[in-house]
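# sequence first, predicted coordinates after that:
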Amino acid sequence: MLEHLDRLPPDPILGVMAAFRADSDPRKVDLGVGVYRDDAGETPVMKAVREAERDVLARQTSKTYVAAVGNAGFNEAMERLVLGEGHAALASGRLRSIQAPGGCGALRLGAELILRADPHAVVHVSTPTWANHVPLLSNCGLRLQPYPYFDTATGGVAFEAMLGTLDRLPARSVVLLHASCHNPTGADLEDAQWRDLLGVVRRRSLLPFIDIAYQGLGRGVAEDAYGPRLFCAELPEVLIAVSCSKNFGLYRERTGALQVLSATPTAADAAISQLMRIARGLYSMPPDHGAAITHAILTGEGLRKSWASELDAMRLRIQRLRGAALQRLTVTCPHKDFGFLARQRGMFSYLGVDAAAVRELREQHHVYMMDDGRINIAGLRMENIEYFAEAVGKVLR
Ligand code: LMR
């Protein structure tokens, strides 16, 4: 029966990760998969995570199941992290959360919920969007449609075109938004643009589905959540998929949550009952370890401070790398404007090179990036920026 299955090519992002690992050249530079790296090129376990993990293991007396929604303390702490202490939605009785296996699990749960609410729903995704958004949302049967987002000429958001398209959508259309550190472009909405977008979402009765996977790595923890905080204060319904992979460095622990704001507490109860049933039919219950660690960090004063300062250091390092890459590329590629690197936020930017250049960078210079030229800035190191910039200069010459 299985003999007839076609062999598929590797996932584009995970394929680059595997190719990099297989390269034995000591000069190799990994700008592919979106994981944070430090100056030594490592993705270390955060100090607060190490400490919280020790506490969690010392206190744990059982491995029995936690609950259908996962760790309730984690869910509540994540609501406060995303929305901010004192946010009106927290006390409204309209917000519910379910822990999920990573941000991917949260996105899939959200997609399944949308499908149950409206089997004909269309989810509108930015052009471009994270490659894995497409299978995560469409594999359950939802239809996807693109909306304009990235302006290749400026490296910013094509905001007029985006608003113009969203302003023509039928009511109950779903709009997938990136809260911050847009993946793959690094082009984020400004606060004023979130406010303008709110007007359109409200006027057209759209359902915002916000993916927040990089909170704290763009402008700051509160600043990166400006959109979700505004929308949850002003709208009847919002879905938020949260990931702890990057800002807690918990990648392999698959830690995330889906937060659902409904129009009434009764509707919120119905939504969470649906989500528990959906999760039960997919994987039953989420893994606990990462959620227990995150909960311990967010509710322990010392651990939280340590986590917040390490996260600040990560963000500042990314910003420094952006500045340094801009400076070096300006020298090695004087004919090309890389100013967008300093204006964009988070780990990703498009380098603005074609597929042939990407291939040459990989094959001749051991510099790995996505085929579309997306680079993970955090994969650079101060000591190899020069090598990277020279390689780009040679390829673009
Ligand atoms: C990325 O975009 O590289 C990250 O979000 C990792 C992944 O799973 O794709």
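Received, thanks.
# output the contacting helices and strands for the helix or strand where residue 266 lies.
Using DSSP states H and E, residue 266 falls within helix 265-282. Packed against helix 265-282 by the contact rule (3 or more C-beta pairs under 8 Å, 6 or more residues apart in numbering; DSSP states H and E) you find strand 95-101, helix 102-117, strand 255-261. C-betas here are computed from N, CA, C, even on glycine.
# deepest of the ones you listed, which one?
Highest mean neighbour count among the helices and strands packed on helix 265-282 (mean count of other C-beta atoms under 10 Å): strand 255-261, with a mean of 28.
# helices and strands around it, which ones?
When contacts are defined as 3+ C-beta pairs under 8 Å, 6+ apart, strand 255-261 sits against helix 72-83, strand 95-101, helix 102-117, strand 238-243, helix 265-282, helix 289-299.
# can you get me a residue count around residue 331?
Look at residue 331: counted by other C-beta atoms under 10 Å, it has 11 neighbours.
# and the nearest residue to residue 150 once chain neighbours are set aside, what is it in contact with?
Leaving out its chain neighbours, the residue that sits closest to residue 150 by C-beta to C-beta, 6 or more residues apart in numbering is residue 185, at 4.7 Å. By C-beta atoms under 8 Å, 6 or more residues apart in numbering, the residues touching residue 185 are 128, 149, 150, 155, 344, 348, 349, 350, 374.
# I'd say the second one and residue 126 touch.
Yes - under the criterion of C-beta atoms under 8 Å, residue 149 lies in contact with residue 126, with a separation of 3.5 Å.
# joint contacts of those two?
Counting by C-beta under 8 Å, 6+ apart, the common neighbours of residue 149 and residue 126 are 162, 182.
# what's in contact with stretch 224-232?
Residues contacting stretch 224-232 (C-beta under 8 Å, 6+ apart): 82-84, 87-89, 95, 177, 179-181, 189, 191, 194-195, 197-198, 201, 208, 210, 212, 214-218, 222, 238, 240, 261.
# repeat that for 6 Å
If you take C-beta atoms under 6 Å, 6 or more residues apart in numbering as the criterion, stretch 224-232 is touched by 82-84, 89, 179-180, 191, 194, 208, 210, 215, 218, 238, 240, 261.
# spell out which parts of the stretch 51-200 of the chain neighbour the ligand.
Residues of the stretch 51-200 of the chain found near the ligand (C-beta under 6 Å from any ligand atom) are 130, 132, 183.
# which helix or strand contains the first one?
This means residue 130. Applying DSSP H and E, one finds residue 130 in no helix or strand.
# coming back round to it: quick one: the residue nearest to residue 150 is in a strand?
No - the assignment for residue 185 (DSSP: H, G, I helix; E, B strand; the rest coil) gives coil, which keeps it out of a strand.
# can you give me phi and psi for it?
Dihedral pair for residue 185: phi -100, psi -20, per degrees, to the nearest 10.
# which positions within whichever strand or helix holds residue 194 qualify as buried?
Assigned by DSSP H and E, residue 194 falls within helix 191-204. Going by neighbour count (16 or more other C-beta atoms under 10 Å), the buried part of helix 191-204 is 193, 194, 197, 198, 200, 201, 204.
# tabulate the helices and strands packed on helix 265-282 in CSV, adding columns for mean pLDDT.
Below are the helices and strands packed on helix 265-282 laid out as CSV (pLDDT from 0 to 100):
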stretch, mean pLDDT
strand 95-101, 98
helix 102-117, 98
strand 255-261, 98
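# okay if I get those as CSV plus distance to residue 390?
Formatted as CSV, those follow (distance: least, C-beta to C-beta, whole Å):
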stretch, distance to residue 390
strand 95-101, 41
helix 102-117, 36
strand 255-261, 39
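# which one, of these, ends up nearest to residue 394?
helix 102-117 (36.9 Å; C-beta to C-beta).
# immediately after the closest one, which helix or strand?
strand 122-127.
# tell me the helices and strands packed up against whatever helix or strand residue 209 lives in.
Using DSSP H and E, residue 209 maps to strand 207-212. Judged by 3 or more C-beta pairs under 6 Å, 6 or more residues apart in numbering; DSSP states H and E, strand 207-212 is in contact with strand 174-178, strand 238-243.
# tell me which residue is most central in this protein.
Compute the mean C-alpha point of the chain, and by C-alpha atoms, centre = their mean the closest residue is residue 213, 2.9 Å away.
# my read: that one touches residue 103, true?
Yes - between residue 213 and residue 103 there is a contact under C-beta atoms under 6 Å: 4.8 Å.
# who touches both of the two?
residue 243.
# and residue 383, that's in a helix?
Yes - checked against three-state DSSP, residue 383 lies within a helix.
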